[in-house]
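**Student:** attaching a predicted model along with its sequence, questions to come.
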Amino acid sequence: MITLHETQTKNELKEFIKFPFTLYKNNKYWVPPLIVDELEGFDKQKNPAFETAEAYFYIAKRNNEVVGRIAAIINWSEVNDQQKKKVRFGWFDVIDDIEVTKMLLEKVYELGRKNNLEYVEGPMGFSNLDKVGVLTEGFDQVGTMITWYNAPYYATHFEKLGYVKEKEYIESKFPFENVKLEFFEKANDLVKRRYQLSPLNFKSTAEVMPYVDKMFDLFNKSYASLSSFVAISDTQKEYFKKKYISFINPEFIKFVEDKDHNIIAFSIVMPSFTEALQKSNGKLFPFGFLRMLYARKFSKDVIFYLIGVLPEYQNKAVTAVIFKEYYETFKEIGILNCFRTPELADNAASLNLWKHFHPEIHKRRCTYRKDL
């Protein structure tokens, strides 16, 4: 018999978080999250996403063992401001039993119907900076700290239950040796002269911090046209600033400013923490923190996390300035491989940025939708 209940205590929430540690215990492609990080993200007193969202976390058990989990989420900014009558689900993991999947998703339907919403979509998090999508290709490719991993049967369950693909995302990679300076050096010089632009590079986190609010403002402006975008609030800016910026090598953050020192483009690249996370198995102590610090300093793989360009400067080759700066930085420290975070498969402008590097698509993922 399968039982389902909402997590009410910290211990139950830990049980929710730890389920995939059991499910994917012997899977070399799964990357465990940091348990303390997950706990903080689900804390309504700490995560400002809960100012405009509500979420409920459910565990399914059989014979007193966890066999599935799901978060039912409403992003009220999305519902009220964008008029998208959607209930989300995320942090979905399950054994290969479609009956368990049905029971978990029913809790999402209940939340949606209770609030007169029209459809369900997932897996996705609270906001655009959370993880997104169920993996549909690339099950034999190692994950990253900013994506979910799952078995092939997840998508099969959704499709058997009447879900259809809503948004498709691709992930690509390329060796740094594919990056040839001649692809963007001339454009870099031309763009800087024509628009009187200058790159900003940093040597310390303290140097970066005064620019972070402006970066998030630019992020909101540059991504506003995407159909799935929900703007980041001021309190979320502070949260992400404290949570992530100190983890990122300052030399991996690049800005471009105009003659009046206005930020018109930015990019964030992260070192790969995959190996450190797999060895730490969700724990920061006693050695996890040291492994993370080591990866931050010595990892030879990097992940292009975010790139944003002010709308009036888009399609003007401004990214050539950013790529030129990264080329010099990566060459100096000996970067070997570059990875892209999930990007919408129909975002032609974004995909076009990488064409000269001959990227290989190594994973596909999507969100699934069903009308209520």
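**Tutor:** Structure received. Numbering: from 1, shown residues only.
**Student:** return the helix or strand in this protein with minimum mean pLDDT.
**Tutor:** Least confident element among the helices and strands of the chain, by mean pLDDT, DSSP states H and E: helix 348-352 (a mean of 81).
**Student:** what about that one, distance to the chain center?
**Tutor:** Centre-to-centre, helix 348-352 and its host chain are 18 Å apart (CA atoms, centre = their mean, to the nearest Å).
**Student:** restricting to C-alpha, output it in PDB.
**Tutor:** Provided in PDB are the C-alpha atoms of helix 348-352 (Å, rounded to 0.1, in the frame of the first residue of the first chain):
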ATOM      1  CA  ALA A 348      17.800  30.900 -32.000                       C
ATOM      2  CA  ALA A 349      19.600  34.000 -30.900                       C
ATOM      3  CA  SER A 350      21.200  32.200 -27.900                       C
ATOM      4  CA  LEU A 351      22.100  29.100 -29.800                       C
ATOM      5  CA  ASN A 352      23.700  31.300 -32.500                       C
END
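**Student:** kindly check the end-to-end length of stretch 229-248 for me.
**Tutor:** Length of stretch 229-248, first residue to last, CA to CA, to the nearest Å: 24 Å.
**Student:** buried residues in that stretch?
**Tutor:** 229, 230, 231, 232, 233, 236, 237, 239, 240, 241, 245, 248 (16 or more other CB atoms under 10 Å). C-betas here are computed from N, CA, C, even on glycine.
**Student:** what are the boundaries of the strands in the stretch 51-200 of the chain?
**Tutor:** For the stretch 51-200 of the chain, the strands defined by DSSP state E, counting those that start in this stretch cover 53-62, 65-75, 86-94, 119-122, 134-137, 164-175, 198-200.
**Student:** reformat the ones you listed into CSV and put mean pLDDT, distance to residue 108 and mean neighbour count next to each item.
**Tutor:** Putting the strands of the stretch 51-200 of the chain into CSV (pLDDT from 0 to 100; distance: least, CB to CB, whole Å; neighbours: other CB atoms under 10 Å) gives the following:
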stretch, mean pLDDT, distance to residue 108, mean neighbour count
strand 53-62, 97, 9, 19
strand 65-75, 97, 4, 23
strand 86-94, 98, 5, 24
strand 119-122, 98, 5, 21
strand 134-137, 98, 14, 21
strand 164-175, 96, 14, 18
strand 198-200, 95, 43, 15
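**Student:** need these in a markdown table (columns: distance to residue 113).
**Tutor:** Shown next, in a markdown table, are the strands of the stretch 51-200 of the chain (distance: least, CB to CB, whole Å):
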| stretch | distance to residue 113 |
| --- | --- |
| strand 53-62 | 14 |
| strand 65-75 | 11 |
| strand 86-94 | 9 |
| strand 119-122 | 10 |
| strand 134-137 | 23 |
| strand 164-175 | 19 |
| strand 198-200 | 49 |
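**Student:** for the stretch 201-350 of the chain, which spans come out with low pLDDT?
**Tutor:** 227-228 (pLDDT under 70).
**Student:** recalculate using a threshold of 80.
**Tutor:** 224-230, 349-350 (pLDDT under 80).
**Student:** what segments of it are helices?
**Tutor:** 205-223, 234-244, 274-280, 288-298, 319-333, 348-352 (DSSP state H, counting those that start in this stretch).
**Student:** need the contact partners of the fourth one.
**Tutor:** It stands for helix 288-298. With CB atoms under 8 Å, 6 or more residues apart in numbering as the test, helix 288-298 has contacts from 34, 247, 249, 271-273, 275-277, 279-280, 282, 284.
**Student:** distance from the chain centre to that helix, please.
**Tutor:** 20 Å.
**Student:** what residues of that helix count as buried?
**Tutor:** Buried, per 16+ other CB under 10 Å, within helix 288-298: 288, 291, 292, 295, 296.
**Student:** so which of those is the closest to residue 141?
**Tutor:** Minimum distance to residue 141 across those is 18.6 Å, recorded for residue 295 (CB to CB).
**Student:** quick one: contacts for the residue nearest to that closest one when sequence neighbours are not counted?
**Tutor:** Nearest non-adjacent residue to residue 295, counting by CB to CB, 6 or more residues apart in numbering: residue 276, 4.1 Å away. By CB under 8 Å, 6+ apart, residue 276 lies in contact with 288, 291, 292, 294, 295.
**Student:** can you put the residues you listed in CSV and add distance to residue 39?
**Tutor:** As requested, the contacts of residue 276 are arranged in CSV below (distance: CB to CB, whole Å):
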residue, distance to residue 39
288, 14
291, 19
292, 17
294, 24
295, 22
